[in-house]
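J.: Mind looking at a prediction? Sequence and model below.
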Amino acid sequence: MVIDAHYHLDERLETVDRLLDQMGRHGIDRIALIAAMVDPLPQGVLPRALAGVVRMALAGRLRPVGRLLYRSMVRSDGRFHMLLSARRIYPQPDNRSVDRVMRRHPDRFCGWVFVNPRAGDPVAEAERWARYPGWIGVKAHPFWHRYPVTMLAGVADFCRSRGWPLLLSLGPDPDTGDYRWLPQRFPGLNLVYAHAGVPYYGELWEYARTRINVLVDLSGPHLDEGLRRRAVQALGAGRCLYATDGPYLCPDRDGGYDHGRILKQIRRLPVPEAERDEIAGGNLRRIIALAHVVPPR
């Protein structure tokens, strides 16, 4: 089974009909949806080039420069900045949008409950949606929502008690990017760091080797094929999840999102086929017990 573990539902950029068509075209069985958290991002050549520059700096010898560039993209005005454009970041992404799509297509989609402790009680938000089928875990973004990782203590405890994973996007500062705090405070919690742990990469992988419940997803323009291979080599196939971070910065010939590009890179990984299958969907299936999701209402 192939499962995209990280995709943002934004029909302004990609309709559900096109998404379903792409799933059929590329052999993707299910996608874990996340509510959109920002006004539609620029998708042109220059944004892709800038993402590449930041990625190379963070992964190479210019990490201080990379983190400065990375940090500059999110500012105190509550907007995401790229080049000369700015996009509004939503304080509380709309989980209802994901629920509606899951109800229409329960066999194709599952969902992460997006929380923001600065906008409301994250435990209450998780509990609200946990009563319904299809939800598999919690998503949080300390970087874009500008809060310390420690503010996720309550919802991390909720996830651990329920057996849900927590998907986290880290920031470049000590408070928003403390990748050690949650694993140490909540042993047994399945914690997934998005984009292979950007902006830390290797240092996070080195730490994660000692923590069996810390995983990474391999999504988005923060990674290229080389970095994906390095993450798998460092952590092992059992700690890595196929994911896209669609519908952003990966254009297909028709101008929409190309759901096949990252999946092809997963299928080219120099590991045994059984391990590629784990990355493509088996690992996520294992940590969320996807086969036992409550039947749709």
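T.: Here it is on my side, so go on. Numbering: from 1, shown residues only.
J.: would you list every one of the helices in the chain?
T.: Secondary structure of the chain (DSSP state H): helices at 16-26, 45-59, 63-72, 95-104, 122-130, 142-145, 153-162, 181-185, 202-208, 225-235, 261-267, 273-277, 283-288.
J.: How about the contacts made by A36?
T.: If you count contacts by C-beta atoms under 8 Å, 6 or more residues apart in numbering, A36 has them with 8-10, 12, 90, 93-94, 97. To be clear about C-beta, it is placed using only N, CA and C from the backbone, and glycine gets the same treatment.
J.: which of the helices of the chain sits most buried?
T.: For the helices of the chain, the largest average neighbour count (mean count of other C-beta atoms under 10 Å) is found in helix 142-145, namely a mean of 23.
J.: starting at the chain centroid, how far to that helix?
T.: 13 Å (C-alpha atoms, centre = their mean, to the nearest Å).
J.: Which strands or helices does that helix pack on?
T.: Taking 3 or more C-beta pairs under 8 Å, 6 or more residues apart in numbering; DSSP states H and E as contact, there are no helices or strands that helix 142-145 lies on.
J.: got CSV for the helices of the chain, with mean pLDDT and distance to V192 too?
T.: Conversion of the helices of the chain to CSV gives the following (pLDDT from 0 to 100; distance: least, C-beta to C-beta, whole Å):
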stretch, mean pLDDT, distance to V192
helix 16-26, 98, 21
helix 45-59, 93, 19
helix 63-72, 94, 20
helix 95-104, 98, 17
helix 122-130, 97, 15
helix 142-145, 98, 14
helix 153-162, 96, 11
helix 181-185, 97, 11
helix 202-208, 97, 11
helix 225-235, 98, 12
helix 261-267, 98, 16
helix 273-277, 98, 18
helix 283-288, 94, 8
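J.: Between the ones you listed, which one is closest to Y242.
T.: helix 261-267 (5.0 Å; C-beta to C-beta).
J.: Report the buried members of the contacts of A36.
T.: 8-10, 90, 93, 97 (16 or more other C-beta atoms under 10 Å).
J.: would JSON lines of those with distance to W144 be doable?
T.: Formatted as JSON lines, the buried ones among the contacts of A36 follow (distance: C-beta to C-beta, whole Å):
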{"residue": "H8", "distance to W144": "12"}
{"residue": "L9", "distance to W144": "17"}
{"residue": "D10", "distance to W144": "15"}
{"residue": "Y90", "distance to W144": "9"}
{"residue": "P93", "distance to W144": "10"}
{"residue": "S97", "distance to W144": "18"}
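J.: Looking at those residues, point me to the pair that's furthest apart.
T.: Once C-beta to C-beta is applied, these give L9 and Y90 as the farthest pair, at 12.7 Å.
J.: of all the contacts of A36, which two lie farthest apart?
T.: R12 and P93 (13.9 Å).
J.: Show the contacting residues for L20.
T.: Neighbouring residues of L20 by C-beta under 8 Å, 6+ apart: 105, 108.
J.: D94 too?
T.: 35-36.
J.: pLDDT value on it, please?
T.: pLDDT, D94: 98.
J.: ok, now F114?
T.: For F114, pLDDT reads 98.
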